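1. Sequence isn't available, so here's the structure alone:
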C-alpha cells in the first residue's frame, strides 16, 4: 500500500463557505452558486443520503453529464460518508451494469437526460434508480461538513480499464485529491480571481479534479455542458478564464475555428492525452496560448508530471518534470533504469490511490511497496524530464477517451462469422487515433459497426473494419501481435 501522511482534512466546501462565502464556486448554464449556495445544496443532499442509509465508504453511482447536479453530488456523497462514483455517460447499458455490479453499488442517481439508459442498466444490475432532480435532495435537515476528515477516507471510485479490458474501480481518497491540489498549486500558483474552465467530462478524473481543486482553493469552476470549440474560445475572451484543461484534439479545433486572439486572462492550458505534435505547439505559441503538457492517471488523481510552456519545444514529446507530490522512476527488470532507458513508469507519493475496489489481487499487482506500477512505458532524460514511450500495452487514446482493444475484440468475437479479430489504433489528424478492426471470417465488415453499437460506447466502435483472408499474426505461444497488424494498416 502507498505511504500515507498523517494529516486530517476539513470538508473543503464547508470551509470555503466560511472563508469565501460570496465567492462564485461553480458556474454552469447561466447559473452561479456561491460557496454558501454550494454548501447549502450539498448539506441537504448529504443528509438525504445519510437518511437513505449510505454507509461509510459505500459507492454511490451517479450518471450525469456536465452540470450543477454532478457538482452537487461530487461533494454531497463524500460528506454523507459514501464514495462518489461517477459513471461514464457515454457507456451502453450493459457496460454501466457491469460497473454497478462490480462495485456492489445499491443505488444510481441519474439526471433526466440519462434516465432511460440508467433504468436499463439498473434493471440489469438490480439496483435502485433515483432522480437527481428529486425533491428529497432539498427536503432533509442540512448535514454539516466535518471539521476533520481522515486523509485515507475514500472520496471517489472512478472506473478505469485494465489491459484485459475489464474495468476496475480506482479508490481515490480525500488525501489523494488534496495533495494533488497542493502539487498543482505549487506548479501553477493560485490566484483569487482564478476561473478554471471544465469542458472535459466531469466523470473523468481530469474534469472532476477541476471541481475539487477549485473548492479546495476557494476559486471558481466554470463548467460547460460539452466541448464546443467556438464557445470555449468565446469564454476565454469574455469570461475571464485563467485556466483550461483539454486534450490535443480539442486544442487543435480551438485554434482552427477562428484566428482571433484568445484573451488576456488565460495563464495556462493543461494539455493531456499524450504528447502534442510540434505543429500544434508552434501554432499555440504563435497565438500566445501558454500550453503545459501533462501526464497523469486515474490512479494518481490526475497529474503526475507537467511540462512548462517554456520547455514545450525544447523538450518536445516530454510530459515534463514530476510534480512535488510525485516521485517517478522508470523500472527495468526490477532495477531503476538509466537516463534514456525505456522501462515501466512507476509513481510514489500521496496521490497514489488506495487500490482497486474489491480487487485485492489487482491492487497487490499494481501497488508494490507504495509504488504504483502504471503499465506505461517511458524514460527519464538526463535532466529528469519524463517521456512516455507508449500507453498501457495497446491502449488506444481516441479524442481523449481510452479504448482497450481486448474489450472491443470480445464484442467482435461474439458476432456470427467472426473467427479472429484484432483491434488497433491508427493515427488520425482529428482524433489522435481512431479504432480500426481486422477480422477473419465470413462476416460482412460494413455491417459490423452497427451490430456493436448496442453493447459498446460510440467511441469504442471501430471506424473501419477490414477482412483479411489469412490468419492474424501471432507469437509461438499464440499471443496476438497487434503491433504487426497496426504496422500493416498504417503502411496500407
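-> Yep, it's here. Predicted model only: the values in this text are computed from it and were never measured.
2. Check this structure for its longest helix and report it.
-> helix 35-51 (DSSP state H).
3. mean confidence for that helix?
-> Looking at helix 35-51 alone, the average pLDDT works out to 98.
4. now for that helix, which elements pack on it?
-> helix 12-19, strand 24-28, helix 68-79, helix 136-139 (3 or more CB pairs under 8 Å, 6 or more residues apart in numbering; DSSP states H and E). From N, CA and C alone the C-beta is placed, and that goes for glycine too.
5. which regions of the stretch 151-300 of the chain sit below the pLDDT cut-off?
-> 161-165 (pLDDT under 70).
6. Can you show me the strands along it?
-> 154-161, 167-173, 195-198, 220-223, 243-247, 268-272, 291-297 (DSSP state E, counting those that start in this stretch).
7. mind giving me the domain split of the chain?
-> 8-388, 396-491 (automatic domain parsing).
8. got TSV for the ones you listed, with mean neighbour count too?
-> As requested, the domains of the chain are exported to TSV (neighbours: other CB atoms under 10 Å):
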stretch	mean neighbour count
domain 8-388	20
domain 396-491	17
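9. Look up how far residue 292 lies from residue 222.
-> 19 Å (CB to CB, to the nearest Å).
10. Quickly note the distance from the residue nearest the centre of the chain to residue 296.
-> Nearest residue to the geometric centre of the chain (CA atoms, centre = their mean): residue 204, 3.0 Å. Residue 204 is 11 Å from residue 296, where distance means CB to CB.
11. next one: residue 349
-> Distance of residue 349 to residue 296, given as CB to CB: 12 Å.
12. go on, residue 289?
-> Separation of residue 289 from residue 296 (CB to CB) stands at 20 Å.
13. same thing with residue 487?
-> The value you get for residue 487 to residue 296, if CB to CB is used, is 29 Å.
14. Test for you: state the pLDDT assigned to residue 406.
-> With respect to pLDDT, residue 406 scores 75.
15. To which secondary structure element is it assigned?
-> helix 405-413 (DSSP states H and E).
16. and that helix, what does it pack onto?
-> Using 3+ CB pairs under 8 Å, 6+ apart, helix 405-413 is in contact with strand 420-428, strand 432-440, helix 448-452.
17. What does the pLDDT read for residue 392?
-> So, for residue 392, pLDDT stands at 59.
18. In this structure residue 7 contacts residue 152, no?
-> No: with contact defined as CB atoms under 8 Å, residue 7 does not count as touching residue 152 (10.0 Å).
19. So for those two, which residues contact both of them?
-> Residues touching both residue 7 and residue 152 (CB atoms under 8 Å, 6 or more residues apart in numbering): residue 175.
20. relative to strand 154-161, how tilted is the helix holding residue 406?
-> 50 degrees (axes from the mean of the first three to the mean of the last three CA atoms, to 10 degrees).
21. what does helix 405-413 rub up against?
-> By CB under 8 Å, 6+ apart, the residues outside helix 405-413 that reach it are 161, 163-166, 394, 396, 418, 421-424, 435, 437, 439, 448, 452, 455-456, 460-462, 482.
22. and with 6 Å instead?
-> 164-165, 394, 418, 421, 423, 452, 455-456, 460 (CB atoms under 6 Å, 6 or more residues apart in numbering).
23. of those, closest to residue 228?
-> Comparing those against residue 228 with CB to CB places residue 460 closest, at 22.8 Å.
24. residue contacts, the nearest residue to the closest one once chain neighbours are set aside?
-> Leaving out its chain neighbours, the residue that sits closest to residue 460 by CB to CB, 6 or more residues apart in numbering is residue 403, at 5.1 Å. Residues in contact with residue 403 (CB under 6 Å, 6+ apart) are 396, 435, 460.
25. Give me the phi and psi angles of the first one.
-> The phi and psi torsions at residue 396 (degrees, to the nearest 10) take the values phi -110, psi 130.
26. how about the nearest residue to it, chain neighbours excluded?
-> residue 425 (3.4 Å).
27. Give the bridge partners for that neighbour, please.
-> Beta-bridge partners for residue 425, by DSSP bridges, are residue 435.
28. I figured it was touching residue 431, is that so?
-> No: using CB atoms under 6 Å, residue 425 and residue 431 do not qualify as a contacting pair, with a distance of 9.4 Å.
29. which stretches of the stretch 351-492 of the chain form strands?
-> Going by DSSP E, counting those that start in this stretch, the stretch 351-492 of the chain shows strands at 355-356, 367-368, 371-380, 386-390, 396-398, 401-403, 420-428, 432-440, 464-467.
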